[in-house]
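>>> generate a structure from the sequence data that follows.
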Amino acid sequence: MTSHITIERADDWATLTLDRPSKANALTGEMFAAIGDAFESFAGDDIDGVTVRGAGGHFSAGVDMSGVPEWGETNPLAVRDELEGIHDSLRAIEALDAPVVAALEGHVLGGGLELALCCDLRVASETAEFGLPESEMGLAMDLGGAQKLPSFVGEGLTKYLIMTGETIDARRAFEAGLVEERHDADEFEAALADLEATLAAKPTYIHGLTKRQVHSARPLNLDEAMEQAIHHAIAAYQEGETQERVRDFFEG
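Okay, the predicted model is just below:
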């Protein structure tokens, strides 16, 4: 079974690509596991930084929904274990001392947006659109979006994105503080390369210290809230309306 993750190295900079373009890089459990393994390996390397991006013009359309209908037949503890494993992979991104850049194009939705929030810096093409569509199917957030997004864009926009399922474009995302740089599509690759070079020119240990200092100001209950989100996700799926909405999604 392929993980649909590719890794390329240029000098001491790594690019991790979500490589499932036929599905707009929808994320599977195997992909999350491969991401976690990759970042754990990066931690042992002499590396200047990592760029996370998607193949085929999209970052990611979110978590692959094909396994969700099985939750109703699965022991809730098994679902919890699977989601906790994904959380561990996301923490591996945040724990890397070297800077991590999310290169965002096209769909940046659901779990794809939550993945981008784990990176240190986000660079968006004008083609990017951002959203959290889980509410359309009655699903609760489970990968940290509800906990982390308010520190980027505030409670109001966080609730708007989650409650309405609507998307925002790259311009609004930049103005709201969700992304640090926004570029025209034809300038995107050059701007991304410039940022990588700027970061690579600095000592990696300084980036690591910076991340520790900034992360130390996060709410002390963040990990507890992330764990609670898993139980909320499991509880929401037990609702009959959620299961009906999920069935409609696959049948429609």
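
>>> what's the burial count for residue 206?
11 (other C-beta atoms under 10 Å). C-beta: built from backbone N, CA, C; applies to glycine.

>>> please read the previous query as pertaining to residue 248.
Residue 248 has 11 neighbours, counted by other C-beta under 10 Å.

>>> for it, what is the enclosing helix or strand?
helix 240-251 (DSSP states H and E).

>>> now do the buried residues in that helix.
Across helix 240-251, burial judged by 16 or more other C-beta atoms under 10 Å covers 242-243, 246.

>>> shaky segments in the chain?
Applying pLDDT under 70 to the chain flags residues 1-2, 72.

>>> go again with 80.
The model of the chain has pLDDT under 80 over residues 1-2, 67-74, 252.

>>> top helix in it by residue count?
Across the chain, the longest stretch assigned as helix under DSSP state H is helix 76-95.

>>> hang on, the earlier thing: what sits up against the helix holding residue 248?
65, 68-69, 72, 136-139, 236-237 (C-beta atoms under 8 Å, 6 or more residues apart in numbering).

>>> now do 6 Å
Here helix 240-251 makes contact (C-beta atoms under 6 Å, 6 or more residues apart in numbering) with 68-69, 72, 137-138, 236.

>>> try stretch 140-150
83, 111, 114, 117, 132, 158, 222, 225-226, 229-230, 232-233, 236.

>>> ok, 8 Å please
63, 83, 86-87, 90, 111, 113-115, 117-118, 132, 134, 157-158, 161-162, 178, 222, 225-226, 229-230, 232-233, 235-236.

>>> now the end-to-end length of that stretch.
Using C-alpha to C-alpha, to the nearest Å, the gap from the first to the last residue of stretch 140-150 comes to 16 Å.

>>> please tell me how far the spatially most central residue of the chain sits from residue 100.
By C-alpha atoms, centre = their mean, the chain has its centre lying nearest to residue 115, at 1.0 Å. For residue 115, the distance to residue 100 equals 10 Å [C-beta to C-beta, to the nearest Å].
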